[in-house]
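> dropping the sequence and predicted coords here.
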Amino acid sequence: MALAVGMRVLTRALHRPWARGLRVAPGRTGPAAGGGDGVRCFGSPRVLVEPDPAAGVAVVKMRNPPVNSFSLEFLTELLISLEKLENDKTFRGIILTSDHPGIFSAGLDLTEMCGRKPEHYMEYWKAVQEMWLRFYLSNLVVIAAINGVSPAGGCLLSLTCDYRVLANNPKYTIGLNETRLGIVAPFWFKDMMVNTVGYRTAERALQLGLLFPPAEALRVGVVDQVVPEDQVQSTARSVMAQWLAIPVCRPGVQNQGLGRAVLSPEALGEAPSCLIQPLAAPDDPWPLDASRQSAFPPRGLPACLCLQAPLFLSLVRTLVGFGVHPKSKRISS
Ligand SMILES: CCCCCCCCC/C=C/C(=O)SCCNC(=O)CCNC(=O)[C@H](O)C(C)(C)COP(=O)(O)OP(=O)(O)OC[C@H]1O[C@@H](n2cnc3c(N)ncnc32)[C@H](O)[C@@H]1OP(=O)(O)O
């Protein structure tokens, strides 16, 4: 059903004038991800897939300018590409990267979260959760080749991957910076970070909304490797080869034992709809004080967000409910 909804959104999106300029002819022939010629690239306007069938690997490039933010259309196309690759027995792994070096992803598309109808928020939030679950639970090995800045949802996406290679450029920061926007990271964002870097580091990182530059990201373990910018792809491919040498390397949550620990049996059984049930309101009223308002939105974001901040924040409280509270110095479990 999700696919049907996705196709509807995709069709709608393709008829928009601004989407046309971006369209990739499906089945375009181009250089293979592995360097050979004549392999057919496929994908959609916002997601380019460069398959290397001989290696069993596909490079998935996000190309949703200007900042690879997670619009509904983009999420839909990304999930369709993932599903296609999962259903094709040729592929055992994907390398997730940006087609726009400098920006891996700016995370959730803030314009999707203001000035829309409640149904839209539900549809959008479901799509975000589905992105998280589908990448996290994919039976493909997923390596993130992080070739740009990766805040908030961009960081979350990379945390769903089995391994993260980050380009060594001081501008390419990564982290869950939601508190800096005056919002609270949903508990499953937080859990992903806790699983990756440990409790205390995650607690501090989320409270302060830290964006780690490469050396720091490596030190705390948000990423697994930092390499010169021109070696991100080749390193990701070497790492992939290591993974694919293991006969059963990502068989799914049931057999892992380790990792995939965020998902409770309940969440697995009912996700994603169970996750969008309104949660109890926090006992603290979390007032919109001046300091939080002035931090929102960050430089360069649409002005409408300033006006919509109260609505946005009340939505956050209703749909997300809790997580790291900037004041209470706790992480909910
Ligand atoms: C319903 C559920 C409720 C519940 C919702 C609960 C959500 C909780 C979890 C939230 C998760 C998130 O991911 S929230 C998203 C957090 N993301 C961020 O904080 C990233 C903010 N962006 C940046 O820091 C920067 O833009 C950055 C990515 C570094 C690129 O910097 P640059 O200088 O290269 O480019 P900029 O000039 O800033 O931006 C270029 C253009 O892209 C736009 N832009 C930038 N980030 C954008 C974004 N996330 N969404 C939309 N548009 C964005 C800018 O407005 C500009 O638009 P024009 O002016 O028109 O050109």
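Happy to help now that I have it.
> give the contact list for residue 90.
51, 53, 56 (Cβ atoms under 8 Å, 6 or more residues apart in numbering). Where you see a C-beta, it was placed from the backbone N, CA and C, and this is true even at glycine.
> could you rerun that using 7 Å?
53, 56 (Cβ atoms under 7 Å, 6 or more residues apart in numbering).
> now swap in residue 140 and tell me
By Cβ under 7 Å, 6+ apart, residue 140 lies in contact with 85, 86, 91, 92, 93, 94, 250.
> pull out the buried positions in stretch 161-177.
161-169, 172-177 (16 or more other Cβ atoms under 10 Å).
> got a markdown table for the contacts of residue 140, with neighbour count, secondary structure and distance to the ligand too?
Below are the contacts of residue 140 laid out as a markdown table (neighbours: other Cβ atoms under 10 Å; DSSP: H, G, I helix; E, B strand; the rest coil; distance: Cβ to the nearest ligand atom, whole Å):
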| residue | neighbour count | secondary structure | distance to the ligand |
| --- | --- | --- | --- |
| 85 | 21 | helix | 24 |
| 86 | 14 | helix | 25 |
| 91 | 20 | coil | 28 |
| 92 | 18 | coil | 29 |
| 93 | 25 | strand | 26 |
| 94 | 27 | strand | 21 |
| 250 | 21 | coil | 25 |
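> of all the buried residues of stretch 161-177, which comes closest to residue 220?
Distance to residue 220, by Cβ to Cβ, is smallest for residue 175 among the buried residues of stretch 161-177, at 9.3 Å.
> give the rounded mean pLDDT of stretch 142-156.
Stretch 142-156 carries an average pLDDT of 98.
> ok, stretch 85-93 next?
95.
> likewise stretch 194-202?
96.
> buried sites along it?
Result for stretch 194-202 [16+ other Cβ under 10 Å]: buried residues 194, 195, 196, 197, 201, 202.
> nearest to residue 114 among these?
Closest to residue 114, out of all of those and judged by Cβ to Cβ, is residue 202, at 28.1 Å.
> surely that closest one touches residue 195?
No. Residue 202 lies out of contact with residue 195 (Cβ atoms under 7 Å); the separation is 8.5 Å.
> still on that earlier bit, so which of the buried residues of stretch 194-202 are in helices?
Of these, the ones assigned to helices by DSSP state H are 194, 195, 196, 197, 201, 202.
> and the gap between residue 201 and residue 153?
According to Cβ to Cβ, to the nearest Å, residue 201 stands 20 Å off from residue 153.
> ugh, wrong one, residue 124
Counting by Cβ to Cβ - residue 124 and residue 153 are separated by 12 Å.
> of the buried residues of stretch 161-177, which is the nearest to the ligand?
residue 177 (5.7 Å; Cβ to the nearest ligand atom).
> how about the contacts made by the closest one?
Contacts for residue 177 (Cβ under 7 Å, 6+ apart) come out as 151, 152, 209, 211.
> check what pLDDT it gets.
97.
> skipping adjacent residues, who's closest to it in space?
residue 209 (4.0 Å; Cβ to Cβ, 6 or more residues apart in numbering).
> ramachandran coordinates for the single nearest residue of the stretch 1-150 of the chain relative to the ligand?
At 2.5 Å from the ligand, residue 107 is the closest residue in the stretch 1-150 of the chain, using Cβ to the nearest ligand atom. Dihedral pair for residue 107: phi 90, psi -150, per degrees, to the nearest 10.
> pretty sure it contacts residue 150?
No. Here residue 107 lies out of contact with residue 150, judged by Cβ under 7 Å, at a distance of 8.1 Å.
> look at these two and report which has more neighbours.
Using other Cβ atoms under 10 Å, the more surrounded residue of residue 107 and residue 150 is residue 150, with 32 against 25.
> which strand or helix spans that one?
Using DSSP states H and E, residue 150 maps to strand 148-151.
> which residues are contacting the helix or strand just after that strand?
Remark: after strand 148-151, the chain's next helix or strand is helix 153-159, criterion DSSP H and E. Contacts to helix 153-159, defined as Cβ under 7 Å, 6+ apart, come from residues 70, 104-108, 132, 135, 144, 146, 150, 164, 174-176, 189, 192-193, 196.
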